[in-house]
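K.L.:
What follows is a predicted protein model with its sequence.
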Amino acid sequence: MGLWSGLAVGQGFPRPEGTASFELYGVVSACDSGSALSKAIDLATRHWPEIAQGNQTSASEAVIHAGGINEVALVPGMEVDFVDVSWT
């Protein structure tokens, strides 16, 4: 199990104010980079349920792309299994 710093970009997500994009970033514990991305998306979906649209195989045009996932070392004060999302 390692620590992974990640960035993902979502596009085409319907929200009350219209179609939006987002950047997701954070640090999660996982076995590999693919698992880290999945865990980060799952964590984000708890706070922003509309992000789940990016994992559905429907007519939705919402997609999520990995921007960069890197293994990192724990440093004092680092939040683990925490993600944040910035909507645009």
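P.N.:
Happy to help now that I have it. Numbering: from 1, shown residues only.
K.L.:
So what touches stretch 42-59?
P.N.:
10, 13-15, 22, 24, 26, 28, 41, 60, 62-64, 81-83, 85 (Cβ atoms under 8 Å, 6 or more residues apart in numbering). Where you see a C-beta, it was placed from the backbone N, CA and C, and this is true even at glycine.
K.L.:
For stretch 16-30, which residues meet the burial criterion?
P.N.:
Applying a neighbour-count criterion of 16 or more other Cβ atoms under 10 Å, one finds 20, 22, 24-28, 30 buried in stretch 16-30.
K.L.:
centre of the chain versus that stretch, how much separation?
P.N.:
5 Å (Cα atoms, centre = their mean, to the nearest Å).
K.L.:
How about residues contacting that stretch?
P.N.:
Under Cβ under 8 Å, 6+ apart, the answer for stretch 16-30 is 1-14, 36, 38-41, 43-44, 48, 51, 64, 67, 72, 78-88.
K.L.:
among those residues, which are in helices?
P.N.:
36, 38-41, 43-44 (DSSP state H).
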